[in-house]
Structures are given as structure tokens and as C-alpha cells.
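Novice: Would you be able to build a 3D model of this:
(2 chains)
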Amino acid sequence: MREMTEFLGREYKEMEKQGLTWVIKSLNGPSEPHVEVEGKKCLMLASNNYLNLANHPKLKEAAIKAIEKYGAGAGSDWSIAGTMDVHVELYKKIAEFKGTEDAVTFQTGFAANSGLIPQLVGKGDLLISDELNHGSIIDGVRLSKAERAVYPHSDMSGLEKILEDANKKDYRRVIILTDGVFSMDGDIAKLDEIYKLAEEYRAMIYVDDAHGEGVLGDGHGIGRHFDLEKEIHFQIGTFSKAFGSFGGMLAGSSDLIKYAYNKARTWLLSAAFPPHVAAANIAALEVVEEEPERVKKLWDNTKYFKKEIESMGYDTGNTQTPIIPTIVGDSKKAKKLAERLYEEGIFALAIVYPMVARDKARIRNQMNAGMSREDLDFALNVYEKLGKELKII
Amino acid sequence: MKKVGFVVNPIAGMGGRVGLKGTDGVVEKAKELGAKPVAPLRAKEMLKTFLSFDSEIEIQWFTCKGDMGENELRECGIKDFKIVYSSDIPTTAKDTKNACERFLEERVDIILFCGGDGTARDVFETVDKNIPILGIPAGVKMHSGVFGVTPEATAKTLQEFLEGVLTTGDVEILDLDEELYRNGEWKIKLFGTALGVIEPTYVQVGKATFESISDEEIKEEIADYIIEQMNEEKDTLFILGSGSTLYTIGRKLGIDKTLLGIDAVLNGKLVGKDLNEKGLLSLLNKRKKAKLILSPIGAQGFILGRGNSQLSPEVIRKIGLDNIIVVATPSKLASTPFIRVDTGDRNLDKLFAKKEQIIVIIGYRLMKVVKVQTNNL
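Specialist: Got it, this is the predicted structure:
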């Protein structure tokens, strides 16, 4: 017999049995290093709020003023009647910040990738993707009609092999897609080498810098980090991570921007984000420029935590950024560690198989510019205690 | 409760120690030359590792009397097992087969055997693709895809299979081509595809939730894509290699493709079936353009030199290295991170080695780059 909604409950229970469901814990206040999670005080190691801007007074003030001036919502899609001058101001600010001709925002970074990628290519084109790219790139690639080639993570000889092979075929367009900073391991894409290969083999470069913005290149992202701001053809980003607010972005040539907002269905068919979000985003970019000590503090914290936790005997993999994984082995152990961390007052996420390899289950620790040396020492002490307790170190 | 059938071929591997290329039919000679049993040690290494895992799975063991399994289980401290078969001494291939028949009757979940390619063939010939089989490597030849890399790795594979982490799929059974061997030629032949234990292929559906896609589905996808390519290239001769991925392509093309042989297709029609070297060359001499589609065969990821000796160096040169298309399911690549070639022609192998990496089609419009390794270079 044809089934009705009973599959919902049945499949949920199945996921629950396998420990795959999200147990959502809500915060009782703003996202900051010190948070209250369902009544329990914790040190936050699981947020993307790298620069501690989510509760910054300047962002809040800008948002409040914008609500007073523009109201709570945009009233329409950006394409029809939802674009306000504060949105346009933000586009200019992004382009300036990213060193590109123009920019536009998307509802989220996910909407940017899944909406834009399928519009850039079609039959007879080739998309080349790092095997560890974010799910939103994967979905964008899946939605396209192009051929798809995957290279082993950051393996430049593998990428070159694909490009070489592509030159033997008659592809109309070739785009290399990569995360700027990889979200599970915290390593940086080798964009300098990717750029050289792209030049040599006549390919375009598409970078999603969600975890690199606010972190690399004095906060300006991977383009500034490698001095390739103009050379990256498609720069995707987000305000929802280091910039402490919300929404996705696309920066590049003015041709790209006009093309993108006329073609990307996610942009065209959903509402503009509220004006106060745009105002907060502008304030965020200003704070990053006006308070360079934030980025510096983030890196100081990163270096200290990484050095100390490694010296205890934890494996942090290949991290080069404030995403510092503690790789503990199998999934059960990682889940157990996350549970114990929470009991000890640390909020951190376990990343398990098949999100990562079976023997590489881990806790993903994310640094924050708002954490003090005492905060880090507290976290390190807990890690040392639990590492011994669970026989990890 | 999981049921495991466990059989040891006590003479497997003995030939190797004394320089013989197998132990089939030469066990007495091997003993004379001073060969010592290998299989019991390997089986015990595997069992010891397996028992060291912290596991809640209950196992019911089925085995054979004496040195065909009972001794090894007992020596490793497993007391609770059922003997389902007793053999005469000395044991022969027939005994492995009889034991497997008894395992089938007992409806075991998996057969764990210890031996080499000859033993794998005996097991496969009895159980076909009815239940999964897993080999503890102890033979002289181990080209088949059913073996763990080491006894320890085999233990881990068994554990993960019983836990449901690993799944089952096609693996190739390869062994020496005895006919050719009698004429002094050393060639490895493909005997069939058995049900082995493989790595599942996952696709992310949620953030932490993944769905596994069966190898069969992926083979269909690969076939759809290859057929699209074939349709675009009129008048190109397509030579299809052996194995189940290529077989799926043949089935979807609607031709009567052989599972174990090399076949040729032109404009969607079968123009050569189960071709030998001569047949391939004569077809190639008639066509201007030809492409060869291959999939890795057996345990080590060989696309050439295992199970397809028809594809001689001359055939490969005629087709041209750039006209070889490699297809594989992600599970296959998970078990063998390299693509290997062993054409028997050093210079040709060198040309492959120079490529360093090769593009492998792993799904519909989906490719992956994989490293190449060649033998003896």
C-alpha cells in the first residue's frame, strides 16, 4: 500500500536509534565565549563567531537604528521591491572590503552556492571540486548539468591531472571550486597554486571563504591573504560566521554580479533579508577595519590553544586556522568526549563518521577573539583531565 | 546472534616458502622441500585480533574438525562452536567445498576462510553469490578481491561487517590459468565475481545523516554515462573489459556481454564476443579509432595484467593509452587506493607510470583522480 506520513516518525526513530539526530540545545542569551545553554554556564567552543561580533554594541546599535528607520522587514524580494538603500550601501561596502568591482548579498552562503553554481555551467562544461568542499557547493554542483571531477583534498597534482585531461576534451568552460578554509579540518586551500594551475590551463576559480573571512588576510579573507583579490573569479562568503551577523555574499566583477542576480533562483525567488541585517553587516565590516586587534587576538588565542593542546598529546590534524580539531579516533569516543566536555562546562561539537573518516572522529574546537587566557586555560585543563579519563592522551 | 562459518585450508601457502608458485597438487613436493604449514598461524593471528575487539556481538561459530578450523578456534580460546564437517587426511579441495555446503545448510551470515586464490575458488564455486565470503590471506597467490590485506585487517573487516558498518558487493575471484600454465605460461585468469565485504558509499543527505547507495545503483549510473559517451562517438570501436561494472554497461546497452571476457561494440552493436588477443587485433586493424573501457580487477586494483591477458601489450599500444577509460565504484576505490597495471611489457608499464594519476569515472558525469602504480619499476 502507498504510504502516507507514517514514514516521518519511523525514519526519525531510525535516525535516533543510530544517534544521528540533532539534539538541539538553545542558548539563553547572546552567542559569546561565555554562554548559558539551557540554564548551564558554558565556555563556547562550537560557534563560528570567531571575532566575537555577534553581540558587539556597534552591530546592535546599527541594527536598532535601521529597524527604527526602515522597519522590521524588506517587504518583498530584492528583485521586485525589497531592495532598500541600506542593502545597496552594503553591496558597495562588501566590494570595497573584498577589493572587487562589485558585490551582492544572498539570503545565506548556502543560497549563494546552490543558486549560483548551476547557472554558471551547463552541458559540455566541467566543474572541478575538492573532495572536502562544503555541502552547499556539492549541492550546487549536483544541480548543474556539467560534468564533475573530484580531486583528493588539496592535492594539486590531482587537480593538474584533471585539468590536463580536460584540455584533451572540448569543454566550453572549466571552473575549479574550493572552500577557502575547510570546515572540518581548519586547513587553508592552496589558492596560490590553484591560481597558477587555473592560469596555465585556462580555468576559472570559485572560492567559498565562509571560514576564512574575518580570519585570514587581516580579516578580509583568503583573497587578501594570497593577494589574489582580483584574480578569484567568484568569491562567496557569509556574514553569519566571523562577522557575527547573518547572510551570504558574492563578490567579483560587475558583469558577474549583474549576471548572478538575474540568474540565481535562490536570489530571485526568496525575500530580501531585513534592512537591519544589512545595517549590522555594514557595521561588522567597519568594526573589522577599525579594531584590527580583534583579528590579532583571535590568532593569539589560536596559536596558544593549538600549541598547548598538541603538547598534551592531542592530534589536531592539519589545522592552520582557528578551527582546531581534537582527533580522538572512533565515533563513540568522540561522542563520549563531547558529552563529558559539556558536563564540565564546555560546549563543543563532536564530528563523527561518515562526516569524517571512521578513525578520524573528533571534537571541532573553534577559537574566539573574545576568549581570555583564563578561558583557554580552563578549556585546556578540562581537555587534559578528560583526555586521561578517556585514555586519549 | 551472527553465524560465522570458519574453514582453514591447512596446506595453503606451503608451496610459497619453498619457491613453488602455489600448493595445488604439489603439497607432497613442498613437504619434501621442507615447507611448514602457514595457514594455521595466519588463521590464529586473525582470530586473536578479532577476539581482542571490544564487542557486544554474539557469534555462533561453525567449523570443521581438526586442522580445518577446530584446532585454530580452540587454541585461541573459543570453546563454543559447532563442528559441521569432518575430513579425511590429507585434506583436498573437495573438503573445502563440502565444508561450505554444510555452512550454507546452516545458513551462516558469512564464510571466513583461510587460504589463497585456490581456496577462494573452491569456496566461490560452492557458495556462488549466495552469502558473503571473506579470506584470511595465507596462500601463495592472493589476487582475488575477497582477501584482507593482512590477518589483522581481515579481523577488522569481519568485525565491521558484523556490526553493519561494512556492506556486501561484487569482488573478483582470480587464479592461475592452469591451461596456460601447463604450457609454461603464467597468467592470472578471472573466474567470477563473488559476494565480498565492501566499504559502503555514502551520500550526505542531511548534515550528519548520510544515505548509502548500493554498488548496483552506482554501476547503473556509470553505465548510463558511458553509454551517453558511446552514443556520441559513432564509428568508434568500444572494447569492454571484464567484471561486473562492465557487465552492467553491456546489459544496459542491450548486448549479450560476457562477465569474464572481453567484448567489442560498434555503434551500439556487439561485434566481438569473448575475444582473444588475435580477435582483438583483427578488429583493431579494421577500425581507425578504438577506446577501451576497463575496471580494476581483484584485490590490488589492477586494470591490466590480472584476469585479462587478452589485452596484450600489442593490443594496448594499438588502442593507445589516451583511449583507455577507467570506471570503478567508490567502494572499489576505497579498497584499493591505487590503479595498477602489469602489462608484462616494461616499457608500456613505464608509460602508465609516467601518467602518475588517472581519471576514473565513479558515477553519472562524475570523475575522480586516482594514483597509478606499476609493478617492478
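
Novice: Doesn't A:Glu193 lie inside a strand?
Specialist: No: counting by DSSP: H, G, I helix; E, B strand; the rest coil, A:Glu193 is not found in a strand; it is helix.

Novice: Name the nearest residue to it, ignoring sequence neighbours.
Specialist: Of all residues not flanking A:Glu193 in the chain, A:Met156 sits nearest, at 4.9 Å (Cβ to Cβ, 6 or more residues apart in numbering or on different chains). Yep, even glycine has a C-beta here, placed from its N, CA and C like the rest.

Novice: now swap in A:Glu38 and tell me
Specialist: A:Lys25 (5.6 Å).

Novice: Check A:Asn281 too.
Specialist: A:Phe239 (4.6 Å).

Novice: hmm, the strand or helix carrying B:Ala334 touching chain A?
Specialist: Assigned by DSSP states H and E, B:Ala334 falls within helix B:330-335. No: applying Cβ under 8 Å from any Cβ of the partner chain, one finds helix B:330-335 separated from chain A by no less than 9.9 Å.

Novice: about what we covered before: quickly note the distance from the residue nearest to A:Asn281 to chain B.
Specialist: According to Cβ to the nearest Cβ, to the nearest Å, A:Phe239 and chain B sit 20 Å apart.

Novice: before we move on, what about A:Gly317?
Specialist: 19 Å.

Novice: residues near that residue, how many?
Specialist: Other residues near A:Gly317 number 17, with proximity taken as other Cβ atoms under 10 Å in any protein chain shown.

Novice: Equivalent analysis for A:Glu38, please.
Specialist: Neighbour count for A:Glu38, taken as other Cβ under 10 Å: 10.

Novice: In terms of pLDDT, where does it sit?
Specialist: Per-residue confidence (pLDDT) for A:Glu38: 94.

Novice: Got the phi and psi for it?
Specialist: Phi and psi for A:Glu38, reported as degrees, to the nearest 10, are phi 50, psi 50.

Novice: distance of it from A:Ser26?
Specialist: Distance of A:Glu38 to A:Ser26, computed by Cβ to Cβ, to the nearest Å: 6 Å.

Novice: and stretch A:234-241, how far out from the chain's middle?
Specialist: Stretch A:234-241 sits 7 Å away from the centroid of its parent chain (Cα atoms, centre = their mean, to the nearest Å).

Novice: Contacts for it, please.
Specialist: The contact list for stretch A:234-241 (Cβ atoms under 8 Å, 6 or more residues apart in numbering or on different chains) reads A:48-50, A:98, A:100, A:105, A:108-109, A:112-113, A:116, A:120, A:175, A:204-211, A:213-214, A:221, A:223, A:245-252, A:256, A:277, A:280-281, A:284.

Novice: Can I get the buried part of those as one PyMOL selection?
Specialist: In PyMOL, this line selects whichever of those come out buried by 16 or more other Cβ atoms under 10 Å in any protein chain shown:
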select buried, chain A and resi 48+49+50+98+100+105+108+109+112+113+116+120+175+205+206+207+208+209+210+211+213+214+221+223+245+246+247+248+249+250+251+252+256+277+280+281+284
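
Novice: Which ones among the contacts of stretch A:234-241 lie within helices?
Specialist: A:98, A:109, A:112-113, A:116, A:120, A:223, A:256, A:277, A:280-281, A:284 (DSSP state H).

Novice: Please enumerate the strands of the stretch 251-377 of chain B.
Specialist: B:263-266, B:269-272, B:290-294, B:302-304, B:324-327, B:338-341, B:357-363, B:366-374 (DSSP state E, counting those that start in this stretch).
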